[in-house]
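# here are the coordinates; sequence isn't available:
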């Protein structure tokens, strides 16, 4: 089933994109994760996920050519997918030193945040989409979502600059955003901010933060609270089948512990301010990454490693009135 899904989705991306006169593979006229942007060319999140899809499909066809032939695919088609992946457009604004969310996005006029009243949020209920689509304003994480799921395509400095650039443009009119912003805020060293975003994701319905829980609970935000904890403060990533961790706790958390199943192994991860401890509870030995270093873990005994200090960076701003509430404020009676 996996091979068929990969082949058909790779064919979809190959049909939606094209090589331009400069030999670059473009995917034009799409809408990425952000719902305040539409019909954009070369959305970074879309292109990077398509790139990963194309490469995975090509590898799968090469690994099982007989089954691929039953689907009408062969090494020649796989080569076309590899070419598209290699030539994929990933926009870059050299003047600003950041990735545009999509081609030309950083050239758009910035939304008038200062002139927007608190009661005019969510913006979609008070302004036409035609106006929103033409401005630099985000309903939810888009480029920042790419920093999470395709973090292997960015340098640490690019992640920090990209996060700071988009945090000040993201109004979080969607409950899908806080958890992703928590993950990347934690990765680039803004642990207090990450903790506040984590609180927003976890308390979305318990505190009725969007004043609409009466219409139904925000299940994705609840799941996002787990993602914020494990991928944010636990620093868990899985790029190309390699499981890595870069845990760090914010000042107001003393301990984080979670379990997961990875390729038949049951793992336990425990994080404190100074150390992380990894244990294989059941299954074969496994190599994982801890803050850039490879370690081997097994059922014999836990492996304990120190946690390095985070790189100090100026805290980014958020749109006026749209910063996440501090956890201490949200929990107050």
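Arrived safely, thanks for sending. A quick note: this is a predicted structure, and the numbers were derived from the prediction, not measured.
# distance of the nearest residue to residue 288 once chain neighbours are set aside relative to residue 129?
Counting by Cβ to Cβ, 6 or more residues apart in numbering, residue 243 is the residue found nearest to residue 288 once chain neighbours are left out, at 5.0 Å. C-betas here are computed from N, CA, C, even on glycine. Using Cβ to Cβ, to the nearest Å, residue 243 is found at 40 Å from residue 129.
# repeat for residue 68
Distance from residue 68 to residue 129, counting by Cβ to Cβ: 42 Å.
# next one: residue 83
Distance of residue 83 to residue 129, computed by Cβ to Cβ: 36 Å.
# who's more crowded, these two?
Set residue 83 next to residue 129 and count neighbours by other Cβ atoms under 10 Å: residue 83 wins out with 16 against 13.
# which SS class is that one?
Three-state call for residue 83 (DSSP: H, G, I helix; E, B strand; the rest coil): helix.
# residues in contact with it?
Each residue near residue 83 by Cβ atoms under 8 Å, 6 or more residues apart in numbering is listed here: residue 25.
# now do the phi/psi pair for residue 223.
Dihedral pair for residue 223: phi -60, psi -40, per degrees, to the nearest 10.
# what number of residues lie near it?
The local packing of residue 223 (other Cβ under 10 Å) involves 12 other residues.
# what's the answer for residue 262, then?
Neighbours of residue 262 under the rule other Cβ under 10 Å: 15.
# can you name the residues bridging to the nearest residue to it once chain neighbours are set aside?
Spatial nearest neighbour of residue 262, chain neighbours left out: residue 243 (5.6 Å); criterion: Cβ to Cβ, 6+ apart. Beta-bridge partners for residue 243, by DSSP bridges, are residue 238.
# so residue 243 versus residue 294, what's the distance?
Per Cβ to Cβ, residue 243 is found 11 Å from residue 294.
# hmm, residue 286 and residue 266 touching each other?
No: using Cβ atoms under 8 Å, residue 266 is not in contact with residue 286; the gap is 10.5 Å.
# now the common contact residues for the two.
Common contact partners of residue 266 and residue 286 (Cβ under 8 Å, 6+ apart): residue 280.
# higher neighbour count, those two?
Legend: neighbour count by other Cβ under 10 Å for residue 266 and residue 286, higher for residue 286 (17 against 14).
# which of the helices or strands spans the residue nearest to residue 232 when sequence neighbours are not counted?
Distance criterion Cβ to Cβ, 6+ apart; nearest residue to residue 232, sequence neighbours excluded, is residue 186 at 3.9 Å. In this structure, residue 186 sits in helix 178-187 according to DSSP states H and E.
# pull out the buried residues from the very next helix or strand once past that helix.
Following helix 178-187 in sequence order, the next helix or strand is helix 191-202 (DSSP H and E). By 16 or more other Cβ atoms under 10 Å, the buried positions in helix 191-202 come out as 191, 193-202.
# let me have the residues you listed in JSON lines, extended by distance to residue 92.
Output for the buried residues of helix 191-202, formatted as JSON lines (distance: Cβ to Cβ, whole Å):
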{"residue": "191", "distance to residue 92": "28"}
{"residue": "193", "distance to residue 92": "25"}
{"residue": "194", "distance to residue 92": "26"}
{"residue": "195", "distance to residue 92": "31"}
{"residue": "196", "distance to residue 92": "30"}
{"residue": "197", "distance to residue 92": "26"}
{"residue": "198", "distance to residue 92": "30"}
{"residue": "199", "distance to residue 92": "34"}
{"residue": "200", "distance to residue 92": "31"}
{"residue": "201", "distance to residue 92": "30"}
{"residue": "202", "distance to residue 92": "35"}
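# what about the strands in the chain?
For the chain, the strands defined by DSSP state E cover 18-19, 25-26, 109-110, 135-136, 237-239, 242-245, 255-262, 265-272, 275-282, 286-290, 293-297, 303-306.
# just put the ones you listed in CSV and tack on distance to residue 316.
Output for the strands of the chain, formatted as CSV (distance: least, Cβ to Cβ, whole Å):
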stretch, distance to residue 316
strand 18-19, 36
strand 25-26, 31
strand 109-110, 15
strand 135-136, 15
strand 237-239, 22
strand 242-245, 24
strand 255-262, 23
strand 265-272, 24
strand 275-282, 26
strand 286-290, 27
strand 293-297, 28
strand 303-306, 28
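# how about these, which one is nearest residue 324?
For the strands of the chain, the distance to residue 324 is smallest for strand 255-262, at 19.3 Å, taking Cβ to Cβ.
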